[in-house]
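# sequence and predicted structure below; questions after.
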There are 2 protein chains.
Amino acid sequence: MLWDKEIDMEMDFFRAKCKENNLRMTTQRMAIYEEVARSKDHPNADTIFKKIQRKHPTISFDTVNRTLQTFAEIGILNVVEGHGDPKRFDPNADTHHHFRCVRCNRIIDFYDDSYDRLKLPKQFKKGFIVLGKKVVLEGICDRCG
Amino acid sequence: MLWDKEIDMEMDFFRAKCKENNLRMTTQRMAIYEEVARSKDHPNADTIFKKIQRKHPTISFDTVNRTLQTFAEIGILNVVEGHGDPKRFDPNADTHHHFRCVRCNRIIDFYDDSYDRLKLPKQFKKGFIVLGKKVVLEGICDRCG
DNA sequence: CTCGGTGCAAAATGTTTGCAAGTAC
DNA sequence: GTACTTGCAAACATTTTGCACCGAG
């Protein structure tokens, strides 16, 4: 995602974000942010922890885990799978889409033809088999808003 | 999702699915399927377990949990959050979309203007605040295919 | 009768909480 | 110096695994 020379710019952005949210700039947070900013993939807390450990042998897993959540809260990164809750099952096997409320975690099913007919980007036309596509809207629902 | 009179049809569908996948029709599986088919929301294993317990006090949580996964594998239902793995973080905070490989669980980021410009369904225009929208394609990636 | 399925218990995994000591501001 | 952070440890929640017994086909 970033060349080394871009890291400095990123750290400025990070500094600003911290100030904005009243977070202190600690050695650990800087290390975690740097590692995360370099990531090209979607690592879990443990993977990030192991990478950081090489340079910072004294950092604890807790700090990494907690910091990642803090970062997610202030919008520096996103959580890809699971939003803290246990696995949930959807009895509706038809093609449909979801609205997820970030406050109460409620999931609302909805149907929309235009969403169903989305065209695949060219990069997935060859070599990939697309079994399903779904749209996830995230926001605040009518009950929580 | 279903009126009571439709349950019978559902059970026939279930019987067919079981035969198709060499699964035996057990009392427990039928109870679980019936409960799931009635669900309007996105319950977790524990919720389903508690509901079934009322009618079948001897059923175990394990059976419910295992059966739900079995059902997911044969396509009777879908898993909404978490696909078995721990929480993963996405350092890319820009608007982008995901392709997830159901075999290796790899997640590929991609960008697509037409996806970004999706129009919101009318039902979310009032009372809801939509903070983000993303498209998730699921299938088999080029490495696994 | 046979093999898949169930129930129970234990283990593994991942996440959260409480608190004393450390450190940025 | 004060308040926020950290690191450690214990508690929690959830999912997975092993195995003897049971029951559908």
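Happy to help now that I have it. Numbering: from 1, shown residues only, chains lettered A, B, ... in the order given.

# which residues of chain A fall in strands?
A:78-81, A:88-90, A:97-101, A:107-110, A:129-140 (DSSP state E).

# adding distance to A:I59 and mean pLDDT, write those strands out as a markdown table.
From N, CA and C alone the C-beta is placed, and that goes for glycine too. Output for these, formatted as a markdown table (distance: least, CB to CB, whole Å; pLDDT from 0 to 100):
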| stretch | distance to A:I59 | mean pLDDT |
| --- | --- | --- |
| strand A:78-81 | 21 | 88 |
| strand A:88-90 | 33 | 91 |
| strand A:97-101 | 32 | 93 |
| strand A:107-110 | 35 | 93 |
| strand A:129-140 | 31 | 92 |
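
# the ones you listed: which one's closest to B:T63?
For B:T63, the closest of the strands of chain A is strand A:88-90, at 14.7 Å, according to CB to CB.

# that closest one close to DNA strand D?
No: figure legend: strand A:88-90 not in contact with DNA strand D (CB under 7 Å from any atom of the strand); closest approach 8.2 Å.

# residues in contact with the longest helix seen in chain A?
Ranked by residue count, the top helix of chain A under DSSP state H comes out as helix A:4-20. Counting by CB atoms under 8 Å, 6 or more residues apart in numbering or on different chains, helix A:4-20 makes contact with A:2, A:23-25, A:29-30, A:33-34, A:37-38, A:74-76, all of which sit outside it.

# those residues also near DNA strand D: which ones?
Counting by CB under 7 Å from any atom of the strand, A:23-24, A:29 from the contacts of helix A:4-20 sit close to DNA strand D.

# now, these that are in helices?
A:R29.

# may I see the PyMOL selection of the buried members of the ones next to DNA strand D among the contacts of helix A:4-20?
Those of these that count as buried under 16 or more other CB atoms under 10 Å in any protein chain shown are selected in PyMOL with:
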select buried, chain A and resi 23+29
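
# can you list the ones next to DNA strand D among the contacts of helix A:4-20 in CSV and add distance to A:D116 and pLDDT?
Shown next, in CSV, are those (distance: CB to CB, whole Å; pLDDT from 0 to 100):
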residue, distance to A:D116, pLDDT
A:L23, 42, 95
A:R24, 47, 95
A:R29, 43, 96
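
# buried deepest among the strands of chain A, which one?
Highest mean neighbour count among the strands of chain A (mean count of other CB atoms under 10 Å in any protein chain shown): strand A:88-90, with a mean of 22.

# domains of chain A?
Per automatic domain parsing, the structural domains of chain A span A:4-90, A:97-139.

# of those domains, which is nearest DNA strand C?
Among those, domain A:4-90 comes nearest to DNA strand C, with 3.7 Å by CB to the nearest atom of the strand.

# average pLDDT across the longest helix of chain A?
Here helix A:4-20 scores 81 as its mean pLDDT.

# buried ones in it, by neighbour count?
Judged by neighbour count using 16+ other CB under 10 Å, the buried positions of helix A:4-20 are A:10, A:14, A:18.

# quickly list what the most centrally placed residue in chain A is bridged to.
Centroid-nearest residue in chain A: A:N78, 1.9 Å away (criterion: CA atoms, centre = their mean). Beta-bridge pairing of A:N78 under DSSP bridges involves B:D90.

# just checking, it touches A:L68?
No: using CB atoms under 8 Å, A:N78 is not in contact with A:L68, being 10.8 Å away.

# so is the longest helix of chain A next to DNA strand D?
No: between helix A:4-20 and DNA strand D, judged by CB under 7 Å from any atom of the strand, nothing touches; the nearest distance is 7.5 Å.
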